[in-house]
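Enquirer: sequence and predicted structure are below.
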Amino acid sequence: MPKLPLLVYAMLLAPLALILVAAIVKTWQAREARSWPQVSGKVVTSVAEVREVRVLDDEREDGYRMESRNFANVTYEYSVSGRKLRCNRISIGEDLGNFQVAEKLAKYPAGSIVTVYYNPRHPDQAVLERDLPKGLWGCLGIGSAIVVAIIVGSAFGLNQSYLYLAQHVGRPDLAGLVVAFGAFGLVIALMALAVQRQAALATRWPVVPGTIKLSEMEEYHRASDTGAARGAEMFGKRVTYTYSYQNVRYTNECARVAAGTPQASSKMLAKLMSRYQDGATVEVRVNPDNPAEATLDARGDGRIAYVLWGIAAIFAALALFVATRGG
């Protein structure tokens, strides 16, 4: 094991630990739901809808921002002890939005008869699916092993690279800087490759018409600097577009701008979105495997990859320069 501070390993493994804890909690909830009684119910509403979801954002004072996501709103009605109840939760697992919207609507159309599993202690809490996805723990186990192997392997590789370079560069004390530049360049290059492949796939997605929509002016405070009483007040707008694919309506975000004054925010928005006007019709490329994912400019997404390749090349050049010139 490389001699790195334990805090480094803790930071690297923290996301995996959170996922495992969430899986344990959901598994416990699924086991509890297995004993829930069941009744017959009827789906009264089955439509796609857009909900505002909190997303972590450490650049804001509140620590989050709102994001529009697509959900399947399947509301069903059932009776317990003569009391008529309604619920719209489908499964034990959390629905984060933008996933399997059309599939859920097709599975539970309005008017269909469904089996409802309800909490006997709180009958208003119910689900239509009380089992977790099959193979969940197997996938998590394999994924965990892969993540640990990557982290340990990467750390070991970096450590070995450092020891090797310390013996072969002009200034051994700069070997760590060479390794850091090289590692950053490699990570960014991998990101560029992923973005480029995704953009290439998007150019082959089917095209449907969409409509541009501008949000109202949003006011918030930036996260304050150390010692500051409060961050600067900001004004921002979001640009979204709506489209329909196979009779299901979706909404996606294509731009977000913010500035210190409403006027500056509007000017930035006008410059950024000079091609689009509020209410304009646009061509939307839709991912047929997940129609909640779409893009207005697949080629533009590909251009981002070239920017990332350029940044990766800069880090590679810096690593080479330090290794050969000694700083």
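Expert: Perfect, I can see it now.

Enquirer: so how far is the longest strand along the chain off the chain centroid?
Expert: For the chain, the strand with the greatest residue count under DSSP state E is strand 38-56. Counting by Cα atoms, centre = their mean, to the nearest Å, strand 38-56 is centred 20 Å from the centre of its parent chain.

Enquirer: what about the next helix or strand after that strand, average pLDDT?
Expert: Scanning forward in sequence from strand 38-56 by DSSP states H and E, the next helix or strand is strand 64-80. Per-residue pLDDT over strand 64-80 has a mean of 93.

Enquirer: roughly how far does Asn88 sit from Gly41?
Expert: Distance, Asn88 to Gly41, using Cβ to Cβ, to the nearest Å: 12 Å. Yep, even glycine has a C-beta here, placed from its N, CA and C like the rest.

Enquirer: of these two, who's got more company?
Expert: Gly41 (22 against 18; other Cβ atoms under 10 Å).

Enquirer: can you name the residues that contact the closest residue to that one other than its chain neighbours?
Expert: Nearest residue to Gly41, sequence neighbours excluded (Cβ to Cβ, 6 or more residues apart in numbering): Tyr78, at 3.5 Å. The contact partners of Tyr78, by Cβ atoms under 8 Å, 6 or more residues apart in numbering, come to 39-42, 84-87, 116, 118, 126.

Enquirer: with those in mind, which one is nearest to Ile311?
Expert: Using Cβ to Cβ, Cys87 comes nearest to Ile311 of the contacts of Tyr78, at 48.5 Å.

Enquirer: touching, Gln125 and Leu85? I think so.
Expert: No: at 9.5 Å, Gln125 does not count as touching Leu85 under the criterion of Cβ atoms under 8 Å.

Enquirer: can you list residues touching both of these two?
Expert: Counting by Cβ under 8 Å, 6+ apart, the residues touching both Gln125 and Leu85 are Tyr118.

Enquirer: distance check, Pro291 against Ser40.
Expert: 31 Å.

Enquirer: more neighbours: these two, which one.
Expert: Higher neighbour count among Pro291 and Ser40: Pro291, with 24 against 10, using other Cβ under 10 Å.

Enquirer: tell me where the stretch 101-250 of the chain has helices.
Expert: Using DSSP state H, counting those that start in this stretch, the helices found in the stretch 101-250 of the chain span residues 101-107, 136-166, 175-202.
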